[in-house]
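1. Below: sequence and its predicted model.
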Amino acid sequence: MIAGLYAVTDAACCARDGLARVRAALVGGARVLQLRCKGSDLAIDDARALVALGHAFGVPVLVNDDVELALAAGADGVHLGRDDATVESARARLGPQAIIGASCYADLDRAQDLARRGADYLAFGSFYPSRTKPHAVRAHPSLLAAARPWGKPLVAIGGILPENGRALIAAGASALAVVDGVFGYSDIEGAARAYQRLFEETV
């Protein structure tokens, strides 16, 4: 199930000492982990260690973009962008139990098409200004409400803070995907806990 804080790693998490950073996010309550290592290569042994760590916390671990790395590392699935593999080819490679998520940006038609093609969750964003993707097209919370009838978990991403995340949950977000808001702080555990608390308060 894709719900709650969806922690997306930064480059520092992909280094050999990154396990401690990821562990802190998991202790803080992250419910999903995506291995995203833009600007650096994630060694297969490090990827396997991060997957094992996530599984020790009962958390699904996905790999950004790279279907082959997801397969080799024993990850639970993959997150696909516009220029990555298709949902169908990723499913054929990873199997029926894999979690395959897809970026929909601010495009509701794309989201509906991906839902029909078997994506397990739909990610919309950027909802707010983001240092990770400063030039991303801005999404409006109404997209989440419009996508709810399709019955897929909806992930919101882009500049999300504890202060603005509650509105996205209210609009229909099942999960909040965060990079800098968690891993950009020295107290990673505390930062993660602040996001996960938003979901606990809306139960």
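-> Received the coordinates, thanks.

2. Quick check: can you name the pairing partners of the strand ranked longest in the chain and their directions?
-> Of all the segments of type strand in the chain, defined by DSSP state E, the longest one is strand 99-105. Paired strands of strand 99-105, with direction, are strand 77-80 (parallel), strand 121-125 (parallel) (DSSP bridges).

3. The ones you listed: which one's closest to residue 151?
-> Of all the strands paired with strand 99-105, strand 121-125 sits nearest to residue 151, with 10.5 Å by C-beta to C-beta. Using the backbone N, CA and C atoms, a C-beta is placed for each residue, glycine as well.

4. list the buried ones in the next helix or strand after the closest one?
-> Beyond strand 121-125 in the direction of the C-terminus, DSSP states H and E gives the next helix or strand as helix 142-147. Along helix 142-147, these residues count as buried under the neighbour rule (16 or more other C-beta atoms under 10 Å): 143-144, 146-147.

5. Check stretch 75-91 too.
-> For stretch 75-91, the neighbour count (16+ other C-beta under 10 Å) marks 75-80, 84-85, 87, 90-91 as buried.

6. Can you get me the start-to-end distance on that stretch?
-> From its first residue to its last, stretch 75-91 covers 13 Å (C-alpha to C-alpha, to the nearest Å).

7. So which residues make contact with that stretch?
-> Residues outside stretch 75-91 that contact it (C-beta atoms under 8 Å, 6 or more residues apart in numbering): 34-36, 47, 51, 60-67, 69-70, 93-94, 98-103, 105, 114, 117-120, 123.

8. Out of these, which sit inside helices?
-> Among the contacts of stretch 75-91, the members found in helices (DSSP state H) are 47, 51, 67, 69-70, 93-94, 114.

9. Just the buried residues of those residues.
-> Counted by 16+ other C-beta under 10 Å, the ones in helices among the contacts of stretch 75-91 give 47, 51, 67, 69-70, 94, 114 as buried.
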